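In: compute the structure for the input listed below.
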Amino acid sequence: MPLRPRWTGVLALTAIVWLITLGCGAAQAATNAEFSTTTNAIGSAFVAAHNAGQDGGNVSELVATLNVALNLLQRAQAENATNPAQAAADLQNATSMAAGVTAASASAAQAGNAARQVTVETSIGGASAIVIAAVLIYLLGDRIFRRLWIFVYRNFVVRPSG
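Out: So this is what the prediction gives:
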């Protein structure tokens, strides 16, 4: 017995609604595992930024990015019950920001170490120049002083008193 066109349309409409319901699904709230993963990523990024700061790197941008990631985490916790899709997106953004901070911390630490090395080399060079100048003045100072004295007073005539 063939289906009538009316039943075919109803079955097609029911199938479409059923597929849409299964495909989209209701957004599920983020789990504690997702929150702990994001929290751990932000914590490890903070440690990496702290170590880069200890090495002399400029971590002001990294700290600002971490603050944004923390704000996203807090916002995701607040909106998890009402808007789980947005909470999951915020968690993903916070995790990616933390990964970016962790990656950028290595270059900041290298820049800080390089700046520290330049400072050390400049200090050693300045101290060496001062020591060399002092030794040269000690060894050659009297000779140079006498030659300058003779040069300045070469036309000076001493007259006897009386």
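In: kindly export stretch 124-131 (C-alpha atoms) in CSV.
Out: The C-alpha coordinates for stretch 124-131 follow below in CSV (Å, rounded to 0.1, in the frame of the first residue of the first chain):
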residue,chain,number,x,y,z
ILE,A,124,82.7,44.8,33.4
GLY,A,125,83.9,46.9,30.4
GLY,A,126,83.5,50.1,32.4
ALA,A,127,85.3,48.8,35.4
SER,A,128,88.1,47.4,33.2
ALA,A,129,88.6,50.8,31.5
ILE,A,130,88.8,52.5,34.9
VAL,A,131,91.4,50.1,36.2
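In: from the middle of its chain, how far away would it be?
Out: From the chain centre to the centre of stretch 124-131 is a distance of 34 Å (C-alpha atoms, centre = their mean, to the nearest Å).
In: ditto for stretch 92-110
Out: That offset, for stretch 92-110, works out to 7 Å (C-alpha atoms, centre = their mean).
In: now stretch 52-72
Out: Distance, centroid of stretch 52-72 to centroid of chain: 6 Å (C-alpha atoms, centre = their mean).
In: report the buried residues of it.
Out: 52-53, 55-57, 59, 62, 65-66, 69-70, 72 (16 or more other C-beta atoms under 10 Å). C-betas here are computed from N, CA, C, even on glycine.
In: Val131: which of these is nearest?
Out: Gly56 (27.0 Å; C-beta to C-beta).
In: which strand or helix spans Gly112?
Out: helix 84-152 (DSSP states H and E).
In: how about the buried residues of stretch 52-72 in TSV, adding distance to Phe46?
Out: Shown next, in TSV, are the buried residues of stretch 52-72 (distance: C-beta to C-beta, whole Å):
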residue	distance to Phe46
Ala52	11
Gly53	10
Asp55	15
Gly56	18
Gly57	14
Val59	10
Leu62	9
Thr65	11
Leu66	6
Ala69	10
Leu70	9
Leu72	15
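In: now the two most distant members of these.
Out: So, the buried residues of stretch 52-72 by C-beta to C-beta: farthest apart are Gly56 and Leu72, at 29.0 Å.
In: of all the buried residues of stretch 52-72, which comes closest to Gly125?
Out: Nearest to Gly125 among these, with distances taken as C-beta to C-beta, is Gly56, at 19.3 Å.
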